[in-house]
Every structure is written in C-alpha cells, then in structure tokens.
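Peer 1: Fold the following.
(one chain, ligands or ions: 1)
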Amino acid sequence: MSATINRVSDQSSVRMSATAFAPATVANVATGFDILGFAIDGIGDRVTVSRSETPGVTISAIRGIINVSGIPLEAHKNTAGVPLLKMLESARPGFGFTIEIEKSIPLGSGMGGSAASAVGAVVAANALLEKPFSLEDLLGFALEGEAIASGAKHADNVAPCLYGGVTLTNPGASPRPVRLPVPANLFVSVVYPAMRLDTKVARAALSATLTLKQHIEQSARLAALVAGICTDDLELLRRGLDDVLIEPQRASLIPGFAAVKAAALAHGALGGSISGAGPSVFAFSTSESTAREISLAMQTAFKANGGLDSESWVSPIRGAGAGLV
Ligand code: HSE
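Peer 2: Numbers count the residues shown, from 1 in each chain. Predicted structure coming up:
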C-alpha cells in the first residue's frame with residue numbers, strides 16, 4: 001500500500017519541462033572590472049528546458065524580439081548549451097535536455113545577454129532533476145557558458161543574474177559570490193545604443209599591463225564603491241564610479257560616449273560608465289524620476305553625437321535574480 005502511494009507521489013513530482021526568466025545585468029559597475037555586477041528589472045531572457053529521450057543537449061529553437069541570427073544551435077558552441085552539457089556530465093540523470101531560448105537582451109549590448117541565457121538554462125534544467133544542484137554549483141555551470149562567449153571566466157554577469165542584487169565575485173573558476181547590501185534608494189539608467197560590440201573585441205582593446213600608480217588609483221576607487229554600496233554613502237559612490245583604468249581604453253569604441261556620460265552627470269547622475277563591455281552606458285541616481293530624466297538625456301546625446309538610436313531602462317539596483325516562471 002505504502003509502496004503504491006510512494007510511486008504515485010514520485011510520478012506526480014516528475015517535471016518534464018520548466019521555464020526560467022533570467023534578468024539583464026550591468027557588469028564591472030565602473031571600477032569593479034570582472035568582479036562586480038548587479039541585476040536590473042524589466043528585461044531578460046526566457047529559457048525553457050525539457051527532458052528528452054535523446055541523450056545530450058539539443059537546442060530546438062532560438063527566438064527573440066531581437067535579431068538572433070548567428071547564435072549557434074550546436075549545444076557545444078552555445079552559451080546555454082555548454083552549461084547543460086556540464087550539468088548532464090555531473091548529474092547523469094538518465095535523460096537529455098532540449099532547450100528553447102527566447103532572447104530579449106540584444107547581442108553584444110553589454111547587458112549580460114550570454115550570461116542570462118546560460119543562467120536561465122541552468123535554473124530551468126535544475127527544476128527537472130531529482131537531486132537539484134546548489135546555487136553555487138549552478139553558478140559554476142553557467143560560468144562555463146559565459147566563458148565561451150567572452151573568452152574568459154568572469155562571473156560579474158552570471159552571479160548577479162543568478163542571485164539578484166549586487167554581487168562581488170572572484171575572477172577565474174571559483175567565483176565565491178558575495179551579495180552586497182544595496183542602498184534602497186539607488187536607481188540605474190541603462191541606455192543601449194543600436195550597435196553591437198562583442199566582449200572579445202572590447203577585451204582586446206585593453207592593455208595587459210598597468211602601472212603601480214594606475215593600480216593604486218583604481219583600487220582606491222573600487223574600495224570606495226564597495227564601501228559606498230554597503231554603507232549607503234553617496235560621496236563614496238561618486239568616487240567609486242570614476243573608472244580611471246578601463247573606461248578610458250574603451251570609450252573610443254562607443255560613438256558619443258563622452259557626451260552621453262556628460263549628459264548623465266549634467267542631469268543629476270552620481271556617476272556612470274560603460275555597462276559591462278559596452279556599448280550600453282549606465283548611470284546611478286537617487287530617484288526614479290531623476291533616473292528617467294537621465295535616460296532621456298543620454299539617449300538625446302547618443303543621437304546628437306554619433307547618430308545612434310537607442311533604448312533605455314530604469315531599474316532599482318536591487319533587481320531580482322533568475323527564477324522559474
Ligand atoms: N567584465 C567583462 C568585461 C564584462 O568588461 O569585459 C563582460 O560582460
């Protein structure tokens with residue numbers, strides 16, 4: 001009798017398919033190159049994973065409100081496929097995965113699109129496993145997908161995408177994420193100009209060496225940023241958003257960047273910089289209405305200084321992480 005009851009309840013808990021939403025993210029946050037990032041509300045990728053009798057990982061469809069041509073359908077080349085191949089290797093669940101991806105985050109926008117697809121895939125697939133992995137395990141799998149997109153293992157998009165809020169991580173294979181407390185009244189304006197900038201290209205623009213003076217100046221600012229976020233100190237935040245190392249080397253890749261940043265500051269931003277590897281630009285402010293004005297001013301500046309059309313989003317800094325829908 002009890003065996004029958006168990007069998008029935010086991011079958012009812014078997015999930016054949018799950019869909020996850022994974023948010024866009026702003027990585028680097030000016031001075032936290034490769035180690036700091038936060039999630040934003042209002043835009044993200046949606047990934048559906050189903051159990052399949054076919055072993056391995058099959059990508060059945062990639063759709064989107066953005067142009068998705070050029071995203072590889074082969075699982076071992078796809079940022080959502082690679083993490084699930086690693087998951088299967090580790091879990092050996094006795095079935096394969098089929099993935100459907102619905103992309104909203106533009107490719108090469110600097111808003112963490114590859115990370116969102118990777119994180120969405122692992123969150124959805126985890127819901128199909130009898131013994132689900134921990135969040136830290138999922139982060140490790142997602143990182144494998146991010147690495148094929150950008151050519152390096154940095155968790156500054158995948159960690160906030162998975163956990164939400166602001167996260168600090170180690171570079172390399174062991175991200176050991178720390179979620180920072182976030183000031184309640186901090187908003188971000190993110191503006192995406194209509195151009196593609198691949199992370200690999202933006203990384204190739206960076207010098208591999210830096211001087212001791214540059215190291216000291218940048219690490220003082222990063223320390224100020226982290227302290228400012230943790231203590232809600234706007235003066236520290238202002239200082240911490242002044243990137244003297246990466247932004248100057250990448251600014252020329254984004255037409256109109258200097259004017260766009262100046263427009264944000266002129267409209268009340270605490271500071272701002274390139275979102276991730278660009279070309280999107282972000283700015284922080286302390287009210288939603290100011291953040292909207294800043295977005296508009298940045299969009300106007302993109303159009304007037306380089307002729308780029310753009311889209312914008314306003315979000316609290318404490319955006320939610322990925323979850324099942
Ligand atoms: N930290 C990375 C970079 C972010 O700036 O190259 C890429 O998403």
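Peer 1: and T199, how many residues sit next to it?
Peer 2: For T199, the count of nearby residues is 22 (other C-beta atoms under 10 Å). All C-beta spots, glycine's among them, are computed from the backbone N, C-alpha and C.
Peer 1: Surely it and A149 touch.
Peer 2: Yes - between T199 and A149 there is a contact at 6.6 Å, judged by C-beta atoms under 8 Å.
Peer 1: where does the chain dip in pLDDT?
Peer 2: When residues are selected by pLDDT under 70, those of the chain lie in 1-13.
Peer 1: for it, what's the longest helix?
Peer 2: Longest helix in the chain by number of residues (criterion: DSSP state H): helix 212-231.
Peer 1: Can you show me the strands along the stretch 201-325 of the chain?
Peer 2: With DSSP state E, counting those that start in this stretch as the criterion, the stretch 201-325 of the chain has strands at 271-274, 281-285, 310-316, 323-324.
Peer 1: Up against the ligand, what does the stretch 1-150 of the chain have?
Peer 2: With the criterion set to C-beta under 6 Å from any ligand atom, the stretch 1-150 of the chain comes near the ligand through A27, N28, F33, D34, S150.
Peer 1: can you redo these as a markdown table with distance to N157 and neighbour count?
Peer 2: Below are those laid out as a markdown table (distance: C-beta to C-beta, whole Å; neighbours: other C-beta atoms under 10 Å):
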| residue | distance to N157 | neighbour count |
| --- | --- | --- |
| A27 | 5 | 30 |
| N28 | 9 | 26 |
| F33 | 12 | 20 |
| D34 | 10 | 20 |
| S150 | 9 | 21 |
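Peer 1: mind listing which of those residues are in helices?
Peer 2: Those of those lying in helices (DSSP H): S150.
Peer 1: Validate this expectation: A184 resides in a helix.
Peer 2: No - counting by DSSP: H, G, I helix; E, B strand; the rest coil, one finds A184 to be coil, located in no helix.
Peer 1: how close does it sit to L36?
Peer 2: 19 Å (C-beta to C-beta, to the nearest Å).
Peer 1: who's more crowded, those two?
Peer 2: Neighbours per residue (other C-beta under 10 Å) separate A184 from L36, with L36 holding more: 25 against 10.
Peer 1: Which residue or residues pair with the more buried one through a beta bridge?
Peer 2: Judged by DSSP bridges, the bridge partners of L36 are L168.
Peer 1: doesn't T25 make contact with it?
Peer 2: No - taking contacts as C-beta under 8 Å, L36 lies outside contact range of T25: 10.6 Å.
Peer 1: Can you pull the residues that touch both of those two?
Peer 2: D156 (C-beta atoms under 8 Å, 6 or more residues apart in numbering).
Peer 1: Kindly report the residues of the stretch 151-300 of the chain close to the ligand.
Peer 2: H154, D156, N157, T199, A202, R203, G276, A277.
Peer 1: please redo it, this time with the cut-off set to 5 Å
Peer 2: Within the stretch 151-300 of the chain, the positions lying close to the ligand (C-beta under 5 Å from any ligand atom) are H154, D156, N157, T199, R203, G276, A277.
Peer 1: which ones are touching the first one?
Peer 2: This points to H154. H154 neighbours (C-beta under 8 Å, 6+ apart): A27, D34, I35, E146, T169, P171.
Peer 1: Mutual contacts of T199 and A149, please.
Peer 2: By C-beta under 8 Å, 6+ apart, the residues touching both T199 and A149 are S114.
Peer 1: in terms of contact, does L135 touch C161 like I think?
Peer 2: No - look at L135 against C161 with C-beta under 8 Å: they stay out of range, at 11.6 Å.
Peer 1: Look at these two and report which has more neighbours.
Peer 2: When L135 and C161 are compared for neighbours, C161 comes out ahead with 35 against 17, by other C-beta under 10 Å.
Peer 1: quick one, phi/psi of that one?
Peer 2: phi -60, psi -40 (degrees, to the nearest 10).
Peer 1: Spell out the secondary structure type for the closest residue to it other than its chain neighbours.
Peer 2: Nearest residue to C161 in three dimensions, chain neighbours excluded: V119, at 4.4 Å (C-beta to C-beta, 6 or more residues apart in numbering). Taking three-state DSSP as the rule, one finds V119 in the helix state.
Peer 1: Please tell me how far S280 sits from M111.
Peer 2: Counting by C-beta to C-beta - S280 and M111 are separated by 5 Å.
Peer 1: Are there residues contacting both of these two? Which ones?
Peer 2: Counting by C-beta under 8 Å, 6+ apart, the residues touching both S280 and M111 are V26, V190, Y192.
Peer 1: Contacts only, for the residue nearest to I246 when sequence neighbours are not counted.
Peer 2: Closest residue to I246 apart from its sequence neighbours, by C-beta to C-beta, 6+ apart: F33 at 5.1 Å. By C-beta under 8 Å, 6+ apart, the contact set of F33 is D243, L245, I246.
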